[in-house]
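1. Give me the fold of what follows.
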Amino acid sequence: MMSVISTVESVPRGTDTPVPSLYQRIRTQLSRELLVSLALGQVLSLLICAISLISKYLADDFHANTPLFQSFLNYILLFLVYTTTLAVRQGEGNLLAILKQRWWKYMFLGLIDIEANYMVLKAYQYTSLSSVQLLDCFSLPVVLLLSCCLLLLRYKAVHFVGAGLCLLGVGCMVGADLLLGRQQGLGEQKLFGDLLVLGGATLYGISNVSEEFIVKNLSRVEFLGMMGLFGSFFSGIQLAIMEHKELLKVSWDWQIGLLYVGFSGFMFGLYSFTPVVMKRTSAAFVNLSLLTADLYGLFCGLFLFHYKFSGLYLLSLFIIILGLVLYSTSSTYVAQDPRVYKQFRNSCRQRGGEPASSDPAMLEPSVTFTSLGPEAGGTHPVHVA
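-> Numbers count the residues shown, from 1 in each chain. Below you'll find the model as predicted:
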């Protein structure tokens, strides 16, 4: 789990300190904290699995193709719970104070979140299930890249090996689908569907990295409240323009109503719970955890839709979990604390561009460490810059 970031200068580790082996790292990392983080990530996967199953029932059994309306219901719930909470707050955390400072940023982020959901759900009409499962993983490299560029996170080789194992697990799952002939949704516009998935995955990556920054530096309630405000507004407009005819075609009864209520409840739970897990871990860890969501959907499909079983599904689940554990065996670090770095640059600019070394009190910060768990071999000897 990510620790509190401090700006420090590192002192070289003593030569008498033994370097822990990979086995020792894994034993150290298999702690209660890591197991809790893994469990929380899988709760998110189960929520996505439930959302996917309900969407399948609505589309296949009741011919209700209403992705915008389903998202709109979730944003309305976020608005009623979190936006109203911000409205009754006092001080800098008040809704009006937040809107005055950064309304355009949340408006942009809300649009990204809406279109990411819409593009991925729309892609199922044009491409195969296997293509969606495989191409949706494109959000992971986007998250890693943006975390390096925007959050200034630095990864080690073991992180990329762990992420690669998780993607290999997804490859096993897609391979099982191909062997069993479960290529659903192929059509003449498959390329268009694939591009929709890639676009949605890219937007998901941007949204997730932004969410990580907000929940770790501002607050979870602020993020969800702003998503409820701008998400309900813009999704409502898009719904009125693009999907009002589909709503008129829905044969409303208590079963459809119950499915919509269930979808909204699970979606609200996913949005409310994701920032909790992300604050504890990171956007990359959350994205890796969500790779098991399709597997849970396939396991449920064995009983609900009579899918054929393949041993590759179990192998895929094992490889993804192994990749998650391996990813957590080493800490990430932040090369610069962005807030301190920005303050340093502004101060230098105000002083007429003097070099940083002219004032010892204005030295540029060097390296800060974050951790997903206790490192074997003790802590880094550091002193405050």
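
2. Contacts for stretch 85-104, please.
-> With contact meaning CB atoms under 8 Å, 6 or more residues apart in numbering, stretch 85-104 is reached by 83, 106, 219, 221-222, 225-226, 229. The way it works is simple: take the backbone N, C-alpha and C, and place the C-beta from them, glycine included.

3. and with 7 Å instead?
-> 83, 219, 221-222, 225-226 (CB atoms under 7 Å, 6 or more residues apart in numbering).

4. Please indicate which of those are buried?
-> Listed as buried from the contacts of stretch 85-104 are 83, 219, 221-222, 225-226; burial here means 16 or more other CB atoms under 10 Å.

5. all helices of the stretch 201-350 of the chain, in order?
-> 220-242, 244-249, 254-280, 283-289, 293-304, 311-327, 338-350 (DSSP state H, counting those that start in this stretch).

6. and among those, the most buried is which?
-> Compared across the helices of the stretch 201-350 of the chain, helix 283-289 shows the largest average neighbour count, a mean of 26 (mean count of other CB atoms under 10 Å).

7. Determine the set of other helices and strands touching that helix.
-> Packing partners of helix 283-289 (3 or more CB pairs under 7 Å, 6 or more residues apart in numbering; DSSP states H and E): helix 32-56, helix 139-149, helix 190-217, helix 254-280, helix 311-327.

8. Run the angle between the last one and helix 293-304 for me.
-> This points to helix 311-327. Counting by axes from the mean of the first three to the mean of the last three CA atoms, to 10 degrees, helix 311-327 lies at 150 degrees to helix 293-304.

9. before we move on, the earlier item: of the helices and strands packed on helix 283-289, which approaches residue 122 most closely?
-> helix 190-217 (5.8 Å; CB to CB).

10. Run through this protein and note the low-pLDDT ranges.
-> Scanning the chain for pLDDT under 70 picks out 1-17, 20-30, 128-130, 180-188, 333, 335-385.

11. circling back: the helices and strands packed on helix 283-289: which one's closest to residue 118?
-> Nearest to residue 118, of all the helices and strands packed on helix 283-289, is helix 190-217, at 7.7 Å by CB to CB.

12. Quick one: distance of the closest one to the chain centre.
-> With CA atoms, centre = their mean, to the nearest Å as the basis, helix 190-217 stands 8 Å off its chain's centre.

13. list the contacts for residue 214?
-> If you count contacts by CB under 7 Å, 6+ apart, residue 214 has them with 222-223.

14. From residue 277, how far out is it?
-> Distance of residue 214 to residue 277, given as CB to CB, to the nearest Å: 14 Å.

15. Nearest to residue 242, out of the helices and strands packed on helix 283-289?
-> Closest to residue 242 of these is helix 190-217 (CB to CB; 14.5 Å).

16. what comes up buried for that closest one?
-> 193-216.

17. All set, thanks.
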